[in-house]
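**Q** Give the three-dimensional model of this entry:
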Amino acid sequence: MNGDQKLMSDTIFGKITRGEIPSEFLYEDEHCVVIQDIHPQAPTHVLIIPRKPIPRLVDAQQSDSELLGHLLLVAGKVANDLGVGEGFRLVINNGADGGQTVFHLHLHILAGRSMAEGELAGGLA
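**A** Model (predicted):
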């Protein structure tokens, strides 16, 4: 692991995926974990966190294509498992200007109230 990868893996999400910070996983496999957001912006708000430390979506490489596709499939499975498969929002914040506060790529599933146009959820990390 080079220095940049070490810094990325030392984020709170890196520590969660390695089990260094106790967390209840709603879903877990060799590629990612899913946890409840500790500051939910909707009645259902979970995070899909890849184990691989990628700081932002724009930092993903072609070699990450399979992982990125897997994260989307996990989002669908988890949404169905949580009973919100018929209506949810999937969000990726990219960079500080995009609202990202933890620089370890992650996806938000938000559901449980109307997410119709004009009803954006704010404050997503």
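**Q** Going by C-alpha atoms from here, please, whenever you check contacts or count neighbours.
**A** Will do.
**Q** if I look at residue 11, how far off is residue 53?
**A** Distance, residue 11 to residue 53, using Cα to Cα, to the nearest Å: 9 Å.
**Q** which neighbours do these two share?
**A** Common contact partners of residue 11 and residue 53 (Cα atoms under 8 Å, 6 or more residues apart in numbering): residue 104.
**Q** between these two, which one's more packed in?
**A** Taking other Cα atoms under 10 Å, residue 11 and residue 53 do not tie; residue 53 has more neighbours (23 against 16).
**Q** Quick check: the more buried one touching residue 67?
**A** No. Under the criterion of Cα atoms under 8 Å, residue 53 makes no contact with residue 67, lying 11.6 Å away.
**Q** so where is this structure shaky, pLDDT-wise?
**A** 1-9, 115-125 (pLDDT under 70).
**Q** Specify the helix with the largest residue count in it.
**A** Of all the segments of type helix in the chain, defined by DSSP state H, the longest one is helix 65-81.
**Q** Toward the C-terminus from it, list the very next helix or strand.
**A** Downstream of helix 65-81, the next assigned helix or strand under DSSP states H and E is strand 89-91.
**Q** which strands and helices sit next to the next helix or strand after that next one?
**A** On the C-terminal side of strand 89-91, the closest following helix or strand by DSSP H and E is strand 107-111. With contacts taken as 3 or more Cα pairs under 8 Å, 6 or more residues apart in numbering; DSSP states H and E, strand 107-111 sits against strand 44-50, strand 89-91.
**Q** please redo it, this time with the cut-off set to 10 Å
**A** Other helices and strands packing on strand 107-111, by 3 or more Cα pairs under 10 Å, 6 or more residues apart in numbering; DSSP states H and E, are strand 32-36, strand 44-50, helix 65-81, strand 89-91.
**Q** Would you mind putting the ones you listed into TSV with distance to residue 21 and mean neighbour count alongside?
**A** TSV is the format used below for those (distance: least, Cα to Cα, whole Å; neighbours: other Cα atoms under 10 Å):
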stretch	distance to residue 21	mean neighbour count
strand 32-36	12	21
strand 44-50	14	24
helix 65-81	22	16
strand 89-91	24	16
